[in-house]
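Everything below, folded, please.
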Amino acid sequence: AALGYIGAVAAAADDEGPLADPKERVHVLQELRGAFSHMSRGEYRQAVAAFREALAEEPRMVDSWGQLGHALMALGEFGEALEAFQRAFELSGGAARLALSVSNALFKLGRYDEAEAHIELAVAAGENAYELAARLALARGRLDEAERQIAAGLKRSGGRAALMILQAQIALERGRLEEAVSLTDRVLADWPEEADPRMLAGLYFVRGEALAQLGEAEQAEAAFRREIEIAPTELATYGRLAVLYALLGRPQDAAGTLRKMLDGNPRPAAFLEAIRTLEVLGDRRSAAIVRQEGLRRWPDNAELRAAG
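Presented below is the predicted three-dimensional model:
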């Protein structure tokens, strides 16, 4: 048990003093075991609570701060995840892998310049950052740069699913719809869902977008629904599916999709996505109602106050 405790705690600065005797922190061990168990089952809210309890007792556990960050990322709580990753990064003395975690959280928050700076830190330390660098380039509309990063990543590490999904996304952005669908077919052939569906996050979104633009509404619907099952905190998929339902003359399904997003992702970003989607659909009344609901929960949120 003592070895398990020590393994969960990274060395801190010498002037912070020795760690407590493992025998005096048995309950911390139990909390950590529960936290990692929750993580393995995808029970991220329970994992967050357990990691926070353990860290309140022993705040120098680098791995636990990192895992807390990953759990928060899975919940879409990117701001809190960034704080956890930054704490882990500081305690680790600037570990490259944690620089990438910080960068990913910054990327999700739209803080692209800071994300790029942390990517450079990680690369300088020899970390493989091709995927995140490609995502950043893609988000900035730099498709050629994104393709270069993907090509370099595939050459170094082989046909990684995430990089091939990004290839499909670039094909979609360039209007090569059949190619985008074909690339997703290839990923599904090479990486069966049975292995780990989470590694396919983003694939069905791209597939759904391409199929919708090709007029294959039924297949597009199935793809968007599957993406929501795999990545329920990725908000854009709900919006795309709701628009598809509206175009198909299924307003109740569109409304139900947005409600599912709000119920499953109780955070301002979800309400902003619903507002944007409803405004695209020309339903300003419903958009105003959603905005009011969001402001009742987060009255000081500047983005919600500015929406509508």
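
When you work out contacts or count neighbours from here on, use the C-alpha atoms and nothing else.
Will do.

Contacts only, for the nearest residue to Val123 once chain neighbours are set aside.
What sits nearest to Val123 in space, not counting adjacent residues and going by CA to CA, 6 or more residues apart in numbering, is Ala129, at 6.4 Å. By CA atoms under 8 Å, 6 or more residues apart in numbering, the contact list for Ala129 reads Leu100, Ile119, Ala122, Val123.

Check Leu203 too.
Ile165, Thr184, Glu227.

Now name the helix or strand holding the first one.
Assigned by DSSP states H and E, Ile165 belongs to helix 161-173.

Show me the shaky parts of the chain.
Across the chain, residues meeting the criterion (pLDDT under 70) sit at 1-27, 158-159, 193-195, 308.

let's go with 90 and repeat that
When residues are selected by pLDDT under 90, those of the chain lie in 1-43, 53-54, 56-59, 61, 75-76, 93-97, 120-129, 154-161, 189-199, 307-308.

Just the C-alphas of whatever helix or strand Ala49 lives in, formatted as CSV.
Ala49 is located in helix 44-57, with elements delineated by DSSP H and E. Coordinates of each C-alpha in helix 44-57 appear next as CSV, following Å, rounded to 0.1, in the frame of the first residue of the first chain:
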residue,chain,number,x,y,z
TYR,A,44,-16.0,11.5,-14.4
ARG,A,45,-18.0,13.6,-11.9
GLN,A,46,-17.4,11.0,-9.2
ALA,A,47,-13.7,10.9,-10.2
VAL,A,48,-13.5,14.7,-9.9
ALA,A,49,-15.0,14.6,-6.4
ALA,A,50,-12.6,11.8,-5.3
PHE,A,51,-9.5,13.5,-6.7
ARG,A,52,-10.4,16.8,-5.0
GLU,A,53,-10.8,15.0,-1.7
ALA,A,54,-7.4,13.3,-2.0
LEU,A,55,-5.7,16.5,-3.1
ALA,A,56,-7.2,18.4,-0.2
GLU,A,57,-5.2,16.1,2.1
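
Which element is encountered next along the chain beyond it?
Counting by DSSP H and E, the element after helix 44-57 in chain order, helix or strand, is helix 62-74.

Which secondary structure elements does that next one sit against?
Counting contacts by 3 or more CA pairs under 8 Å, 6 or more residues apart in numbering; DSSP states H and E, helix 62-74 packs against helix 2-8, helix 44-57, helix 78-91.

in the helix or strand just after the shortest one, what's buried?
Using DSSP H and E, the helix or strand that directly follows helix 2-8 along the chain is helix 26-40. Going by neighbour count (16 or more other CA atoms under 10 Å), the buried part of helix 26-40 is Val28, Leu29, Glu31, Leu32, Arg33, Gly34, Ala35, Phe36, His38, Met39.

One more: stretch 232-250?
Quick answer for stretch 232-250 (16+ other CA under 10 Å): 232-246.

Can you list which of those are found in helices?
Leu235, Ala236, Thr237, Tyr238, Gly239, Arg240, Leu241, Ala242, Val243, Leu244, Tyr245, Ala246 (DSSP state H).

For Leu154, see how far away the second one is.
Plainly put, Ala236 is 27 Å away from Leu154 if you go by CA to CA, to the nearest Å.

Quick check: phi and psi at the residue nearest to Val123.
phi -120, psi 20 (degrees, to the nearest 10).

Can we start the residue count at 55 from this point?
Sure, I'll start numbering at 55, so the last one becomes Ala183.

Look up how far Ala356 lies from it.
Taking CA to CA, one finds Ala183 at 33 Å from Ala356.

for Phe143, same thing?
29 Å.

higher neighbour count, these two?
Ranked by neighbour count (other CA atoms under 10 Å), Phe143 and Ala356 place Phe143 first, with 23 against 11.

quick one: contacts for the more buried one?
Here Phe143 is in contact with Val116, Ala149, Leu152, Ala153, Val156 (criterion: CA under 8 Å, 6+ apart).
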